[in-house]
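A.B. asks: Got a predicted model here, sequence first, then my questions.
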Amino acid sequence: MKDKLCQILSDLYAEYDFLLDDKVLTDAEKDFFARVCDGMDETVASAALRRLCAFLYKYYHKRVIILLDEYDTPMQEAYLNGYWEELSDFIRIMLHAAFKDNPYMERGILTGITRVSKESVFSDLNNLKVVTVVSAKYETAFGFTEAEVFAALEEYGMSDRREEVKQWYDGFKFGKHDNIYNPWSVINYLDEGGCKAYWANTASNSLAGKLILAGGASRQLVMEDLLMGKTMQTQIEEEIIFTQLDRKKHAVWSLLLAGGYLKIVREENLI
């Protein structure tokens, strides 16, 4: 995993190798730039994002925007494969350097399906604004609204297929907004003109599968009911703690909700 992360950082630096041809960077900065490569040590790798922000700021005289997509995917793999502690320490140091002690960053956006603010990886980041599937903010920004889908169908001359598309791709709920459609599936439907499970195999569901199997027959029976369109009542905890996933009986449903596999049809506040 660390080798792969180093490779990604090395590829990122390669996109900005023109900085080495300019007199903006000092010899020491160019030396650090050259040390960001496949097989670099953890000290260099954990500081790479922050240092790149500094280099770009010196060149453009503008602070940088960092977009980190699916930040939790490597952490899920670490949890599944038994090296969570080692990776979480590295990720924590890297995120701290890039997103907190970074005067060269304008703003940063991290996306993922697991909110792990209680974990050590976020212990130093106290300025986060968290938006989840139950948040009202940006509730129409994570998919296509029904009005947008129907307008697209009309533009493509497919207005007669509204019910078909609704049956296949409507089903998400963000905040209080129902009828959010899967954007990837809708785009592919418009392109190919036929209903398919376009979203299948676009992401790993290994973690959810592990937790369902670990829950025994009772959890698997509930899952079968859900697959048949039935509902269930459970407690939801938005903050998913990896080290407690095996011990908390509600954790799997919180994970499936965050991942878009489930949606809330009725909500009760227990407090």
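C.D. replies: Ah, there it is. Residues are numbered from 1 along each chain as shown.
A.B. asks: I'd say residue 142 and residue 177 touch.
C.D. replies: No: using C-beta atoms under 8 Å as the test, residue 142 is too far from residue 177 to be in contact (9.6 Å). Where you see a C-beta, it was placed from the backbone N, CA and C, and this is true even at glycine.
A.B. asks: what are the phi and psi angles of residue 108?
C.D. replies: With angles defined as degrees, to the nearest 10, residue 108 sits at phi -130, psi 150.
A.B. asks: now swap in residue 133 and tell me
C.D. replies: In this entry, residue 133 is assigned phi and psi values of phi -70, psi -20 (degrees, to the nearest 10).
A.B. asks: Can you name the residues that contact the closest residue to it other than its chain neighbours?
C.D. replies: Ranked by C-beta to C-beta, 6 or more residues apart in numbering and with sequence neighbours excluded, the top spatial neighbour of residue 133 is residue 174, at 5.6 Å. The contact partners of residue 174, taken as C-beta atoms under 8 Å, 6 or more residues apart in numbering, are 133, 134, 135, 138, 139, 140, 142, 143, 180.
A.B. asks: which non-adjacent residue is nearest the second one?
C.D. replies: Spelled out, it's residue 134. In space, not counting the residues next to it along the chain, residue 134 is nearest to residue 175; the distance is 6.4 Å by C-beta to C-beta, 6+ apart.
A.B. asks: tell me which strands and helices the host helix or strand of residue 46 is in contact with?
C.D. replies: With the criterion set as DSSP states H and E, the secondary-structure element containing residue 46 is helix 42-60. Packed against helix 42-60, as judged by 3 or more C-beta pairs under 8 Å, 6 or more residues apart in numbering; DSSP states H and E, are the following elements: helix 2-14, helix 27-35, strand 64-68, helix 84-99.
A.B. asks: Now do the residue nearest to residue 133 against residue 80, distance only.
C.D. replies: Here the distance between residue 174 and residue 80 works out to 27 Å (C-beta to C-beta, to the nearest Å).
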